[in-house]
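S.K.: this is a predicted model, with the sequence first.
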Amino acid sequence: MNKPENDLEILDNAMRVFFQVVKRPQHWSRITQRSNVTIDRPSAIILKLLNSQGPCHVQDLADHLGIEAPSITRKTQELEQAGYLSRSPGKEDRRAVDLRITASGRSIARRLSDAQREVIAEALRDWLPSERRQFAGLFKRFSDDLSGTSHTPDNQKKDKVARV
C-alpha cells in the first residue's frame, strides 16, 4: 500500500504534468482548430467566465482572474471591438462598467467549451464510465477544497457567516 507521502508525491507530479500540457501552445491550437475559432487563451477565459457567470464589473473580473484591472480593460476592449461583449454603466455605481457577453461571444464560448470537452473525452476514451464518474467527482472535490469553495459542513457554516 502507498504511504500518504507517496500519494502526495504522485499527485504533485501528475498535477505538474497536467498543467504543463494544458499551458502548451499546441494544446490551445488543438482546441481552437476543433472549435474553428481564432482567439487567444486570455480572451477565451474571459468569454467562458462571462458566459457561465453572467455580467460583472471589470474590477470583479480582474479580481476573479487574479490580474490587474488595466490588463482586463485592454483585453475586454479587444473583445468589445470584435463584437463578443458589450459594456454598460453599472446599475448600482454608474462609474463602474458592467461587462456582458453578446450572442456572438456566447457562441464562441460554447464552441470552445465543446472542443475542450472533446479533448477531455479523447483522453478518457479507454476509461470505464464508473472510472470517469469517480474521477470527475474526486477532481471537483479536490478543486473545491484547493480553492476554498468546498461545501463541507465547516465551509457551509463559513458561507452562512459570510452571507450575513
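M.R.: Thanks, I have the structure now.

S.K.: please enumerate the strands of this protein.
M.R.: Per DSSP state E, the chain carries strands over the ranges 56-57, 85-89, 97-101.

S.K.: tell me which of these sits nearest to residue 72.
M.R.: strand 97-101 (8.7 Å; Cβ to Cβ). In short, each C-beta sits where N, CA and C put it, glycine included.

S.K.: can I get the strands of the chain in CSV with mean pLDDT?
M.R.: Putting these into CSV (pLDDT from 0 to 100) gives the following:
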stretch, mean pLDDT
strand 56-57, 88
strand 85-89, 88
strand 97-101, 90
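
S.K.: between the ones you listed, which gets nearest to residue 124?
M.R.: Nearest to residue 124, of all these, is strand 97-101, at 28.8 Å by Cβ to Cβ.

S.K.: tell me which other helices or strands that closest one touches.
M.R.: helix 41-53, strand 56-57, helix 58-65, strand 85-89 (3 or more Cβ pairs under 8 Å, 6 or more residues apart in numbering; DSSP states H and E).

S.K.: show me what the longest one is in contact with.
M.R.: When contacts are taken as Cβ atoms under 8 Å, 6 or more residues apart in numbering, the neighbours of helix 41-53 outside the stretch itself are 28, 37, 39, 56, 61, 64-65, 72, 75-76, 78-79, 84-85, 99-101, 105-106, 108-110, 112-113.

S.K.: re earlier: can you lay out the helices and strands packed on strand 97-101 as TSV showing distance to residue 18?
M.R.: Shown next, in TSV, are the helices and strands packed on strand 97-101 (distance: least, Cβ to Cβ, whole Å):
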stretch	distance to residue 18
helix 41-53	16
strand 56-57	28
helix 58-65	20
strand 85-89	29
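
S.K.: just put the ones you listed in CSV and tack on mean neighbour count.
M.R.: Listed next are those as CSV, based on neighbours: other Cβ atoms under 10 Å:
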stretch, mean neighbour count
helix 41-53, 18
strand 56-57, 18
helix 58-65, 16
strand 85-89, 15
